[in-house]
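A.B. asks: missing the sequence, but the structure's below:
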Ligand code: HAM
């Protein structure tokens, strides 16, 4: 039996890859316009980075990581997300010393052992941006506006920005205690997963999708009543900043997100066109991540968006992916003797950055001209042309044809394309 791709992975085939590039190029240009610089990190890291960074009690660390012992007896994990790696790198490479700011972005594959469904894969791709070294709420607004701008440029419609504050190390323990007492009194109404969350991570019960748990959570203590002055002020400033930029957003006091490093701001961008897996982006502030992984205190705020999901929404909404890539010139050989000359001319065009193709499989002239159909020009070479050192250039959109010296082919075509 032929081997197939592992469950939860998919191939990005040529029919899709150019659209994929359009998304990444658009993100890349937007990042540049916002002053973010590209960083590339290993796809695998020490397991400890994620267990300490993302959090021992998260679904990601408890059940979704691809972890293995390598040949040197080290525990290694395929990255389930990028933020912990970016922070590790910033600490290791001193990217954020003496109050300096590092605005970094990257894109690439992430790995989570989740149940595959539409918009949810085991290998998926994220575009990720992190702003390190700034405590100020302006940085939160910078990140949220960056994510919104990428989606605006891609032409995504029908999106909703949802924000919340999850407090900090000072006020969250008080809120946690209140939640624990509340949920403890409603123990018999909770699902099994939430019962296990009760002691370990009661905040996660707030965003359980099960109806019964959601009903209990409706009556849970309000996080806004527990926020300390600093978190409250920070949240107000973030909201004001978003309003200044004319963004509409919704508050959701039950948005806690599945990663434990968040402090203060947490947000998501949801699409009405995705079904159950409706988040195209998620992010927030993580002021304690650096110390959790053994570094000095470096505040941070960032977001990541799922390329696979952006693609689904763009297809659904008939968004433009720019122009379909096309080869400029097809060099066709009239007979077998001309095949070598055709390949030489093709290479000459390519050296001059004119995209060109020729037959490499022994096709007839007729079949070659059929292949030329998707190009702008055909260069035709036969024994007669070789003898005269010439080439016929046919404009495939209007059918006109000229015969020119082969030495002038590059210049002639350069003028036309
Ligand atoms: P996250 O919410 O886990 O956050 O993931 C961000 C985005 O990645 C999601 O909104 C979704 O679009 C996409 N995504 C996540 N899991 C999958 C999956 N299994 N299949 C397809 N797409 C998926 C983070 O990863 C944080 N590191 C974001 C962040 C950056 N926070 C601060 N800085």
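C.D. replies: Done, it's in. These numbers come from a predicted model, not from an experiment.
A.B. asks: quick one: the helices in the stretch 301-417 of the chain?
C.D. replies: 307-316, 339-351, 365-372, 383-388, 409-416 (DSSP state H, counting those that start in this stretch).
A.B. asks: Which residues in the shortest one does the neighbour count mark as buried?
C.D. replies: By 16 or more other Cβ atoms under 10 Å, the buried positions in helix 383-388 come out as 385, 386. To be clear about C-beta, it is placed using only N, CA and C from the backbone, and glycine gets the same treatment.
A.B. asks: Could you pull up the mean pLDDT of that helix?
C.D. replies: For helix 383-388, the mean per-residue pLDDT is 94.
A.B. asks: packing partners for it?
C.D. replies: Taking 3 or more Cβ pairs under 8 Å, 6 or more residues apart in numbering; DSSP states H and E as contact, there are no helices or strands that helix 383-388 lies on.
A.B. asks: care to break the protein down by domain?
C.D. replies: 14-171+227-316, 329-416 (automatic domain parsing).
A.B. asks: can you redo these as a markdown table with distance to residue 5?
C.D. replies: Shown next, in a markdown table, are the domains of the chain (distance: least, Cβ to Cβ, whole Å):
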| stretch | distance to residue 5 |
| --- | --- |
| domain 14-171+227-316 | 9 |
| domain 329-416 | 28 |
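A.B. asks: near the ligand, which residues of the stretch 151-300 of the chain show up?
C.D. replies: The stretch 151-300 of the chain has residues 258, 259, 279, 280, 281, 282, 283, 284, 286 near the ligand, with proximity defined as Cβ under 6 Å from any ligand atom.
A.B. asks: one more time with 5 Å
C.D. replies: Within reach of the ligand by Cβ under 5 Å from any ligand atom, the stretch 151-300 of the chain has these residues: 279, 282, 283.
A.B. asks: pLDDT wise, what is the first one at?
C.D. replies: It stands for residue 279. 96.
A.B. asks: How about the contacts made by it?
C.D. replies: Listed by Cβ atoms under 8 Å, 6 or more residues apart in numbering, the contact set of residue 279 reads 268, 269, 270, 271, 306, 309.
A.B. asks: can you do 10 Å?
C.D. replies: 119, 162, 257, 268, 269, 270, 271, 305, 306, 309 (Cβ atoms under 10 Å, 6 or more residues apart in numbering).
A.B. asks: helix or strand for the fifth one, which one?
C.D. replies: For residue 269, the host element (DSSP states H and E) is strand 265-271.
A.B. asks: just to revisit the earlier point, of the contacts of residue 279, buried ones?
C.D. replies: Buried positions within the contacts of residue 279, assessed by neighbour count (16+ other Cβ under 10 Å), are 119, 162, 257, 268, 269, 270, 271, 305, 306, 309.
A.B. asks: Could you dump those into a markdown table with pLDDT added?
C.D. replies: Converted to a markdown table, the buried ones among the contacts of residue 279 look like this (pLDDT from 0 to 100):
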| residue | pLDDT |
| --- | --- |
| 119 | 94 |
| 162 | 98 |
| 257 | 92 |
| 268 | 98 |
| 269 | 98 |
| 270 | 97 |
| 271 | 96 |
| 305 | 98 |
| 306 | 98 |
| 309 | 97 |
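A.B. asks: ok, those vs the ligand, which is closest?
C.D. replies: When the buried ones among the contacts of residue 279 are compared for distance to the ligand (Cβ to the nearest ligand atom), residue 306 wins out at 2.6 Å.
A.B. asks: Does the closest one touch residue 109 like I think?
C.D. replies: No: at 11.2 Å, residue 306 does not count as touching residue 109 under the criterion of Cβ atoms under 10 Å.
A.B. asks: shared neighbours, these two?
C.D. replies: 121, 124, 125, 126.
A.B. asks: Show me which of those residues is closest to residue 49.
C.D. replies: Nearest to residue 49 out of the shared contacts of residue 306 and residue 109 is residue 126 (Cβ to Cβ; 16.5 Å).
A.B. asks: Check the secondary structure at the nearest residue to residue 206 once chain neighbours are set aside for me.
C.D. replies: The shortest distance from residue 206 to any non-neighbouring residue, by Cβ to Cβ, 6 or more residues apart in numbering, is to residue 254 (4.3 Å). Under DSSP: H, G, I helix; E, B strand; the rest coil, the three-state class of residue 254 is coil.
A.B. asks: follow-up on the earlier one: just the buried ones among the shared contacts of residue 306 and residue 109, please.
C.D. replies: In those, burial by neighbour count holds for 121, 124, 125, 126, counting by 16+ other Cβ under 10 Å.
A.B. asks: Out of those residues, list just those in helices.
C.D. replies: Using DSSP state H, no member of these sits in helices.
A.B. asks: which of those residues are close to the ligand?
C.D. replies: Among those, proximity to the ligand is found for 121, 124, 126 (Cβ under 5 Å from any ligand atom).
A.B. asks: Give the burial count for residue 7, as a bare number.
C.D. replies: Residues lying near residue 7 (other Cβ atoms under 10 Å) number 10.
A.B. asks: That one falls within a helix, correct?
C.D. replies: No: membership of residue 7 in a helix is not supported by three-state DSSP, which gives coil.
A.B. asks: OK, contacts around the closest residue to it other than its chain neighbours?
C.D. replies: Excluding its sequence neighbours, the residue lying closest to residue 7 (Cβ to Cβ, 6+ apart) is residue 116, at 6.1 Å. Going by Cβ under 10 Å, 6+ apart, residue 116 touches 7, 8, 9, 10, 122, 124.
A.B. asks: Which positions within the least confident helix or strand in the chain by mean pLDDT qualify as buried?
C.D. replies: Every helix and strand of the chain was ranked by mean pLDDT, DSSP states H and E. The lowest is helix 192-200, at a mean of 89. Using 16+ other Cβ under 10 Å as the test for burial, helix 192-200 gives 194, 197, 198.
A.B. asks: Which of these sits closest to residue 35?
C.D. replies: Relative to residue 35, the closest of these is residue 197; by Cβ to Cβ it sits at 39.3 Å.
A.B. asks: wait, what's in contact with that closest one?
C.D. replies: By Cβ under 10 Å, 6+ apart, residue 197 lies in contact with 57, 59, 183, 190, 191, 203, 204, 205, 206, 208, 213.
A.B. asks: on that earlier part again, what would the buried ones among the shared contacts of residue 306 and residue 109 look like in TSV with distance to residue 296 and pLDDT?
C.D. replies: Formatted as TSV, those follow (distance: Cβ to Cβ, whole Å; pLDDT from 0 to 100):
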residue	distance to residue 296	pLDDT
121	36	98
124	32	98
125	31	98
126	26	98
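A.B. asks: Quickly note the distance from the closest residue in space to residue 316 that isn't next to it in sequence to the ligand.
C.D. replies: If the residues on either side of it in the chain are set aside, residue 316 comes closest to residue 273, at 4.8 Å by Cβ to Cβ, 6+ apart. To the ligand, residue 273 is 13 Å away according to Cβ to the nearest ligand atom, to the nearest Å.
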